[in-house]
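The following comprises the amino acid sequence and a computationally predicted model.
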Amino acid sequence: MAHHWAEAGQRGGAASRGKPKSAEHRRKIGEAHRGRTLSDDHRRKISEARKGQSLSAEHRAKVGDAFRGKTLTDEHRAKISEANKGKVRSPEQRAVLSTAMRRDDPGYDGAHARVVHEKGLPSLCKQCGTVEGQFEWALSHDATDVRTGTSKRRLGQRYSPHVKDYVRLCVPCHRKYDGKPRRKKVTS
Ligand SMILES: [Zn+2]
C-alpha cells in the first residue's frame with residue numbers, strides 16, 4: 001500500500017510537505033521502501049502521526065480493492081478480531097444503526113444489524129456443524145436481491161436487505177464459501 005507520504009514528508013522538510021508528487025517520484029519512494037522493515041519506534045511515530053486522520057473515499061476504495069480477494073491468515077484474522085473486541089458502539093452509532101435497520105434498504109451495516117437483531121449472533125456453522133470457534137453471518141449464494149454498499153466504509157461490499165439471505169458459518173467455512181466462486185485466488 002502506498003503509505004509512504006508521512007515519511008517522505010518528514011524527509012523532504014516543511015517546504016515539500018503537502019506538495020503533490022509526480023507519479024515517478026512516488027514510484028521511486030515506493031521502491032526505496034519496499035522490503036524494508038520499520039523499527040517499532042518508527043512504526044509508532046507513523047501511527048501517532050496518522051491518528052485521527054481519515055482516508056478519502058478514493059483512498060478507502062483502493063485499500064478495499066487491494067484487500068478484496070485476499071485470504072487473510074488465521075493469525076491476521078485473530079489480530080483484527082482482538083483489535084475490534086474493545087470497540088463499543090457510541091450511542092450515536094447505535095442510533096444510526098437502529099434507524100437504518102428499519103428502512104426498506106437498510107444498507108450494508110443496517111442489514112447486518114437487522115440479522116443480528118432478529119436471529120442473534122451465530123454460534124454454530126451450518127456448513128460443517130462445528131460449535132467451536134468464531135462465526136459470522138454470511139451472505140448466501142442463493143440471495144437474489146444483492147446490493148452493494150454505498151457508504152464510505154462499505155463501498156462496493158455486497159449485502160442483501162433480507163434476513164433470510166444470511167447463513168451461519170464458521171470463519172473457515174465462510175472463507176471457503178466466499179473464496180471459490182466470487183473472489184480471485186491469491187497466487188503469490
Ligand atoms: Zn464451518
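Nice, I can see it.

make it CA atoms for all contacts and neighbour counts henceforth
Will do.

Let's test this: mean pLDDT of stretch 116-131, rounded?
Averaging pLDDT along stretch 116-131 yields 95.

ditto for stretch 78-89
The model assigns stretch 78-89 a mean pLDDT of 76.

Do me a favour and get the end-to-end distance for stretch 32-44?
20 Å (Cα to Cα, to the nearest Å).

And the pLDDT for V186?
53.

S160 is in contact with A143, correct?
Yes - using Cα atoms under 8 Å, A143 makes contact with S160 at a distance of 7.0 Å.

Name the residue in those two with the higher neighbour count.
Neighbour count, other Cα atoms under 10 Å: between A143 and S160, S160 has more, with 23 against 15.

Can you give me the separation between E82 and T71?
Here the distance between E82 and T71 works out to 18 Å (Cα to Cα).

Same drill for the two, tell me which one is more crowded.
T71 (16 against 11).

quick one: secondary structure of the more buried one?
coil (DSSP: H, G, I helix; E, B strand; the rest coil).

in the protein, which spans are helices?
5-12, 23-33, 40-50, 57-67, 74-85, 91-100, 107-119, 171-182 (DSSP state H).

packing partners for the longest one?
Looking back up the chat, that one is helix 107-119. Where contact means 3 or more Cα pairs under 8 Å, 6 or more residues apart in numbering; DSSP states H and E, helix 107-119 is packed against helix 91-100, strand 158-159.

how about 10 Å then?
helix 91-100, strand 135-139, strand 147-148, strand 158-159, strand 166-170 (3 or more Cα pairs under 10 Å, 6 or more residues apart in numbering; DSSP states H and E).

nearest to K176, of those?
When the helices and strands packed on helix 107-119 are compared by Cα to Cα, strand 166-170 sits nearest K176, at 10.0 Å.

Now render the helices and strands packed on helix 107-119 as TSV, adding distance to the ion and mean neighbour count.
Listed next are the helices and strands packed on helix 107-119 as TSV, based on distance: least, Cα to the ion, whole Å; neighbours: other Cα atoms under 10 Å:
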stretch	distance to the ion	mean neighbour count
helix 91-100	28	13
strand 135-139	8	21
strand 147-148	25	15
strand 158-159	20	20
strand 166-170	4	23
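
Could you dump these into JSON lines and include distance to R43?
Supplementary listing: the helices and strands packed on helix 107-119 in JSON lines, determined by distance: least, Cα to Cα, whole Å:
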{"stretch": "helix 91-100", "distance to R43": "30"}
{"stretch": "strand 135-139", "distance to R43": "32"}
{"stretch": "strand 147-148", "distance to R43": "34"}
{"stretch": "strand 158-159", "distance to R43": "33"}
{"stretch": "strand 166-170", "distance to R43": "33"}
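
between the ones you listed, which gets nearest to H117?
Here helix 91-100 is closest among the helices and strands packed on helix 107-119 (Cα to Cα), at 9.6 Å.

State the distance from the residue nearest to the spatial centre of the chain to D40.
By Cα atoms, centre = their mean, the mean C-alpha position of the chain lies nearest to G64, the distance being 6.7 Å. Distance from G64 to D40, counting by Cα to Cα: 26 Å.

Kind regards, and thank you for your time.
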